[in-house]
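Following is a predicted model, sequence given first.
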Amino acid sequence: MNLLEKISSLAKRRGFIYPGSEIYGGLAGFYDWGHLGNELKFNIKQTWWRDTVQLRDDVVGLSAAIVMNPKAWEASGHLTGFSDVLVECPKCHKRFKADELGKKNESLVCVECSEIFKGKARQFNLMFKTFVGAAEEAAAVAYLRPETAGGIFVNFKNVLQTNRLKIPFGIAQIGKAFRNEINPRDFVFRIREFEQMELEYFIHPVRNNPVKQDAAVPPQAAGRISNGVKPQTPTEWLSYWVGRRLKWYESIGLKNIRLREQSQEERAHYSRATVDIEYKFPFGWQEIEGVANRGDFDLTAQMKVSGKDLNYFDEETKEQYTPYVIEPSAGVERIALAVLCEAYLEEKERIVLKLNSKLAPYKAAVFPLLANKEKLVELARSIYDDLKTEFMTAWDDRGNIGKRYYSQDEIGTPFCITVDFESLEKNDVTVRGRDTMKQVRVGIRELKEYLKKKLVK
Ligand code: ATP
């Protein structure tokens, strides 16, 4: 088994991630998240939301509908342009994105059967179509959103009018997005239904500084603008957000991260500069987030089609303008997969997920040494009930203690607490750390504070 197979097998065995609709043979590109996977995703979203919205004065949240008036997608260019080039191997009939084809002696070949590719290529729109209204024939065609950003742009005026906001400010959203990917692959890396965490950060375009406004961002400059110096130009803001996002990845314990600036040919047509944040997966360096300077493309496009004014008026300077937008856009499942890859470790006698404690589904587990000793169970229960009010706590009274430790190691629980006969006399417990496997005795009264101090905020 390769590393990705090992991780996906653990994810299924322990209830993180199941193949979607498995009893019917599954459905490519769709996965279901079990109890632990759900907690992991919830923790990722929660720390992102806290960092991006709750701890800032200049960002507000939004939760827009998944299905929007299709005119919004006409305006954004998705209806005509959100497509990949689809190719089909003439021999084995496997379908690929054109950029997935292999190369042999300068010829393009099918990566499945190595046949030299001579077939036709066609554009394939990635949006899922649906119908709004009772009868299909009479109903209006609509689309499942391929990214959450659209809902933010169409609400620009609503949000501006109902919050006391001045540029620069941001609107953040976490929600489902759908893409009918040609070739879903690499477990939950490329899927058809996923969640995005997106921020649209609106800034002054600094039009009188045309040289600076569109200059590409050298990735190494990212994050330098932070210590009290307020970014001014779009380039500086892009760099600022790349830096903020890197800090966030650091805070959740992702180390194998690098920045890669997209070349002009790679960039989407509306992007003036894009920096990809990549993670080193077992299958290579791949994007987990893109941070883009989208200029004024989105608001201008929505204004054109809707006929509504989405400009910004600065009361102080009396200047009216269409703001530029900097967009950090991250995928929850890709980050969850990166987190699992980073945390997975095989040691001599155990498999352990060294998850950052902020992300671990359970922060602690409580065990009575023996399940049939009433006094032990009673005391352990009271500790469990108490800890549960503070953080996610697991209960396990099956099998021997060693097995229970390994079982918690495998799902990344940072601390295990055992109640034994000494506990009844001395009012203390054994606390065993996941990473060091060391055990210490801690007084029951001090236990909650002890754990809170050890767990990363
Ligand atoms: P890719 O080039 O890998 O298809 P993209 O550049 O189209 O990605 P964006 O449109 O920038 O991706 O989307 C922002 C983020 O949303 C990505 O960095 C990724 O984390 C997530 N994302 C996009 N498509 C998928 C997908 N099919 N499955 C899982 N996550 C996705």
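Sure thing, it's come through.

buried ones in the strand or helix carrying Glu425?
Using DSSP states H and E, Glu425 sits in helix 421-426. By 16 or more other CB atoms under 10 Å, the buried positions in helix 421-426 come out as Ser423. To be clear about C-beta, it is placed using only N, CA and C from the backbone, and glycine gets the same treatment.

Quick check: which helices or strands does that helix pack against?
helix 374-388 (3 or more CB pairs under 8 Å, 6 or more residues apart in numbering; DSSP states H and E).

now for the helix it packs on, which elements pack on it?
Helix 374-388 packs on strand 364-368, strand 393-395, strand 415-419, helix 421-426, helix 447-454, going by 3+ CB pairs under 8 Å, 6+ apart.

Of these, flag the one that's most buried.
Per-stretch averages of neighbours, counted by mean count of other CB atoms under 10 Å, single out strand 364-368 among the helices and strands packed on helix 374-388, with a mean of 26.

between that one and helix 447-454, how big is the angle?
150 degrees (axes from the mean of the first three to the mean of the last three CA atoms, to 10 degrees).

Serialize the helices and strands packed on helix 374-388 to a markdown table and add fields for distance to the ligand and mean pLDDT.
Below are these laid out as a markdown table (distance: least, CB to the nearest ligand atom, whole Å; pLDDT from 0 to 100):
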| stretch | distance to the ligand | mean pLDDT |
| --- | --- | --- |
| strand 364-368 | 31 | 98 |
| strand 393-395 | 29 | 98 |
| strand 415-419 | 31 | 98 |
| helix 421-426 | 46 | 97 |
| helix 447-454 | 31 | 96 |
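
Get me the contact residues on this protein for the ligand.
Within the chain, the positions near the ligand by CB under 6 Å from any ligand atom are 147, 179, 181, 190-191, 194, 196, 287-290, 329-331, 333-334.

that older thread, what's the closest of the helices and strands packed on helix 374-388 to Ala11?
Taking CB to CB, strand 393-395 is the member of the helices and strands packed on helix 374-388 nearest to Ala11, at 17.5 Å.

per-residue confidence at the nearest residue to Lys103 once chain neighbours are set aside?
Excluding the flanking residues, the one nearest Lys103 by CB to CB, 6 or more residues apart in numbering is Val109, at 6.7 Å. The model reports Val109 with a pLDDT of 86.

mind listing what Val109 touches?
Each residue near Val109 by CB atoms under 8 Å, 6 or more residues apart in numbering is listed here: Leu101, Gly102, Lys103, Glu115, Ile116, Phe117.

And the furthest pair within these?
Most distant of the contacts of Val109, by CB to CB, are Lys103 and Glu115, 13.1 Å apart.

Which one's more surrounded, these two?
Glu115 (15 against 10; other CB atoms under 10 Å).

Quick check, the more buried one in contact with Pro90.
Yes. Here Glu115 lies in contact with Pro90, judged by CB atoms under 8 Å, at a distance of 6.7 Å.

List the contacts of stretch 46-56.
Contacts to stretch 46-56, defined as CB under 8 Å, 6+ apart, come from residues 59-61, 170, 172, 174, 197, 199, 244, 248, 251-252, 330, 358-359.

Tell me the one of those residues nearest Pro323?
Among the contacts of stretch 46-56, Gly170 lies closest to Pro323 (CB to CB), at 10.8 Å.

Just give me how far the helix or strand containing the closest one sits from the chain centre.
Using DSSP H and E, Gly170 maps to strand 169-178. Here strand 169-178 is found 11 Å from its chain centre; the criterion is CA atoms, centre = their mean, to the nearest Å.

which neighbours does that strand have in its sheet, and in what orientation?
Partners of strand 169-178 in the sheet, by DSSP bridges, are strand 59-61 (parallel), strand 193-203 (antiparallel).

Please name the residues that touch the closest residue to the ligand within the chain.
Residue nearest to the ligand within the chain: Gly331 (2.4 Å; CB to the nearest ligand atom). Gly331 is in contact with Phe194, Glu195, Gln196, Met197, Ile288, Glu289, counting by CB under 8 Å, 6+ apart.

Now with 7 Å, please.
Counting by CB atoms under 7 Å, 6 or more residues apart in numbering, Gly331 touches Phe194, Gln196, Ile288.

Excluding covalently adjacent residues, which one is nearest to Val59?
That would be Gly170: by CB to CB, 6+ apart, it lies 4.0 Å from Val59.
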